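J.: Got a sequence here, can you model it:
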Amino acid sequence: AFAKKYPGHAGMEIQKAVLKTHIAIARQMKRPISLHCVRAYGTLADMLQEAVDGKDSMALKVVLHSFAGSPEMANTFIKANEACYFSFSGGIRKLKA
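T.: Sure thing, here's the model as predicted:
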C-alpha cells in the first residue's frame with residue numbers, strides 16, 4: 001500500500017537495512033546519528049534497542065530530529081538508548097496533554 005501511495009520511496013525493509021548500515025558506520029567513526037522518523041517509532045525504538053544490546057549504550061549517540069511522539073514513546077527511546085536526544089518542531093504545540 002505504501003509503495004502505491006508513494007511511488008519512488010523505499011519500503012520499510014530497505015529503510016531498515018540502510019539504518020543498520022548507518023548505525024554501523026556511526027559506531028565505527030564514533031559519530032552521532034540524526035534520525036527523522038515518521039509513523040514508525042516502535043520499529044525504530046526496537047532497532048535502536050537491538051543496536052545497543054550488550055554494548056555500551058552511550059557509545060551510540062542518537063538525535064531524533066523533529067520528534068512528535070508521545071512522552072511515553074520518548075521514554076521508550078531513552079530506555080532503548082541512554083544517549084538519545086530529541087529536537088522538536090512547531091508541531092509539538094498541536095499535541096494534547
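
J.: The chain: helices as residue ranges?
T.: 2-5, 12-29, 41-52, 71-80 (DSSP state H).

J.: tell me the most buried of those?
T.: helix 41-52 (a mean of 18; mean count of other CB atoms under 10 Å). Every residue, glycine included, has its C-beta placed from N, CA and C.

J.: any residues touching that one, and which ones?
T.: 12, 16, 19-20, 23, 35, 37, 59-60, 62, 69, 73, 76-77, 79-81, 84 (CB atoms under 8 Å, 6 or more residues apart in numbering).

J.: what's the angle from that helix to helix 12-29?
T.: 40 degrees (axes from the mean of the first three to the mean of the last three CA atoms, to 10 degrees).

J.: where's helix 41-52 relative to the chain centroid, distance-wise?
T.: 7 Å (CA atoms, centre = their mean, to the nearest Å).

J.: okay, it in CSV with CA atoms only?
T.: C-alpha atoms of helix 41-52 as CSV (Å, rounded to 0.1, in the frame of the first residue of the first chain):
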residue,chain,number,x,y,z
TYR,A,41,8.5,4.9,16.2
GLY,A,42,8.0,1.4,17.5
THR,A,43,10.1,-0.1,14.8
LEU,A,44,12.8,2.5,15.3
ALA,A,45,12.9,2.0,19.1
ASP,A,46,13.2,-1.8,18.5
MET,A,47,16.1,-1.3,16.1
LEU,A,48,17.9,1.1,18.5
GLN,A,49,17.5,-1.4,21.3
GLU,A,50,18.9,-4.1,19.1
ALA,A,51,21.8,-1.9,18.2
VAL,A,52,22.8,-1.3,21.8
